[in-house]
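J.: Okay, sequence plus prediction incoming.
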Amino acid sequence: MLAWMAALALAGCGGGDDTTQTDTTTDSGAEASVERAGPSGHWIIDQDYNGFRLIYDCTDRTALHYRYTLQADTGSAARPSTFTFDPTLPAGCLQQTSTASYESVHPGYDRGHLVMSNHMDSDSALIRRANYMSNIVPQVSGFNRGIWLEAETVAECYRDLAPVQVYGGVVHGDTASDTNDFYLSSHGIRTPEFLWKALITTDPATGAGKAIAWLIPNTTGLGALDRYIVSIAELEQRLGAASVRISASAALKAMKPQTTWALPSGCSVD
């Protein structure tokens with residue numbers, strides 16, 4: 001068994017950092033949660049940001065899952081220069097206790113996006129929501145700026161060929177054995193051991209559906225993105241269908257390409 005797969009068993013199953021400040025402005029564009037049941041008494045909500053959704057654990061101060069659909073890229077709103085608290089979470093829902101960089105506490109980690117900010121550049125309000133700390137988790141810098149960015153770029157490029165459904169989430173290990181939880185005291189958040197992403201779209205030439213997914217350790221020295229390709233069915237087997245939350249045909253869920261989809265000619269990630 002590969003080392004990263006062994007680590008996953010033990011776990012129970014874009015862009016760099018920048019200067020930040022706190023922003024307490026309200027946001028009428030996001031809608032409150034619809035879900036309040038979770039394991040071990042956790043308060044889990046399904047939060048709609050009118051462009052993406054987060055399954056958010058109000059007890060552990062972290063997003064667990066995200067989903068959205070990308071259309072052809074026509075936006076160019078600038079990414080905010082700051083990370084901010086999320087003013088849309090319901091009263092009593094806990095979030096990270098600081099917007100400061102993780103790097104300032106323990107080196108080697110970025111404030112990493114789950115929903116890529118550039119995917120939300122259709123307007124300034126939406127891209128600002130992607131910079132809420134509710135959409136941020138500690139990501140190893142090399143992971144965030146390397147292999148994770150590669151996976152994000154696949155979605156960014158294929159959106160111009162056909163709509164792309166994007167799903168993803170985090171995987172935490174056993175609390176007692178975690179050695180990477182450097183930000184519990186400073187930010188109140190655990191560090192994921194793995195992150196996953198799944199894409200479902202349509203081949204414009206044939207009209208057939210196609211899917212790809214990756215399950216990637218949150219570490220350095222990972223090698224090629226192809227090494228971490230899994231099927232959606234495998235994700236469900238390893239993490240549980242309730243955690244993956246993807247409604248698709250069995251045929252789509254069984255798809256496991258041998259290599260990551262080649263980027264279309266002329267793709268731009270602006």
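T.: Everything's here; your move. Being a predicted model, the structure only gives us computed values, none of them experimental.

J.: For the nearest residue to M255 once chain neighbours are set aside, give its distance to F194.
T.: For M255, ignoring the flanking residues on the chain, the nearest one in space by C-beta to C-beta, 6 or more residues apart in numbering is A211 at 4.5 Å. Just so you know, the C-beta spots here come from the backbone N, C-alpha and C atoms, and that holds for glycine as well. Distance, A211 to F194, using C-beta to C-beta, to the nearest Å: 19 Å.

J.: In three-state terms, label V170 for me.
T.: strand (DSSP: H, G, I helix; E, B strand; the rest coil).

J.: Name the nearest residue to it, ignoring sequence neighbours.
T.: Using C-beta to C-beta, 6+ apart, the closest residue to V170 is P192 (3.8 Å).

J.: burial measure for the one you found, as a count.
T.: Neighbour count for P192, taken as other C-beta atoms under 10 Å: 25.

J.: My guess is it contacts V171. True?
T.: Yes - counting by C-beta atoms under 8 Å, P192 touches V171, with 6.0 Å between them.

J.: Where does the prediction get shaky in the chain?
T.: Scanning the chain for pLDDT under 70 picks out 1-39, 176, 268-270.

J.: Now do the helices in the stretch 101-250 of the chain.
T.: For the stretch 101-250 of the chain, the helices defined by DSSP state H, counting those that start in this stretch occupy 124-129, 141-145, 147-158, 232-239, 241-244, 250-254.

J.: Please list all residues in contact with the residue nearest to V170.
T.: 137-139, 170-172, 218 (C-beta atoms under 8 Å, 6 or more residues apart in numbering).

J.: ok, so what distance separates it from L161?
T.: Counting by C-beta to C-beta, the gap from P192 to L161 is 30 Å.

J.: just to revisit the earlier point, most tightly surrounded among the helices of the stretch 101-250 of the chain?
T.: helix 147-158 (a mean of 22; mean count of other C-beta atoms under 10 Å).

J.: now the strands for the stretch 1-150 of the chain?
T.: 44-48, 53-57, 62-70, 109-113, 136-140 (DSSP state E, counting those that start in this stretch).

J.: How far off centre is the longest one?
T.: Centroid separation for strand 62-70 versus its chain: 6 Å, with C-alpha atoms, centre = their mean, to the nearest Å.

J.: Which residues belonging to it are considered buried?
T.: 62-68, 70 (16 or more other C-beta atoms under 10 Å).

J.: So what are the sheet partners of it and their directions?
T.: strand 53-57 (antiparallel), strand 164-171 (antiparallel) (DSSP bridges).

J.: Next, format the ones you listed as JSON lines and append mean neighbour count and distance to L239.
T.: Listed next are the strands paired with strand 62-70 as JSON lines, based on neighbours: other C-beta atoms under 10 Å; distance: least, C-beta to C-beta, whole Å:
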{"stretch": "strand 53-57", "mean neighbour count": "23", "distance to L239": "13"}
{"stretch": "strand 164-171", "mean neighbour count": "23", "distance to L239": "7"}
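
J.: Any chance of JSON lines for those strands, columns distance to S122?
T.: Formatted as JSON lines, the strands paired with strand 62-70 follow (distance: least, C-beta to C-beta, whole Å):
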{"stretch": "strand 53-57", "distance to S122": "16"}
{"stretch": "strand 164-171", "distance to S122": "14"}
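
J.: looking at it, P80 is touching R128, isn't it?
T.: Yes - between P80 and R128 there is a contact under C-beta under 8 Å: 5.4 Å.

J.: Now do the same contact list for S124.
T.: S124 touches 77-78, counting by C-beta under 8 Å, 6+ apart.

J.: what's the spacing between it and A77?
T.: From S124 to A77 the distance is 5 Å (C-beta to C-beta).

J.: Centre-most residue in this protein?
T.: What sits nearest the mean C-alpha location of the chain, by C-alpha atoms, centre = their mean, is L114, with 2.5 Å.

J.: does it really touch P138, like I thought?
T.: No - judged on C-beta under 8 Å, L114 makes no contact with P138 at a distance of 11.6 Å.

J.: that older thread, so which of the contacts of P192 wins on neighbours?
T.: Highest neighbour count within the contacts of P192: V137, with 28 neighbours (other C-beta under 10 Å).
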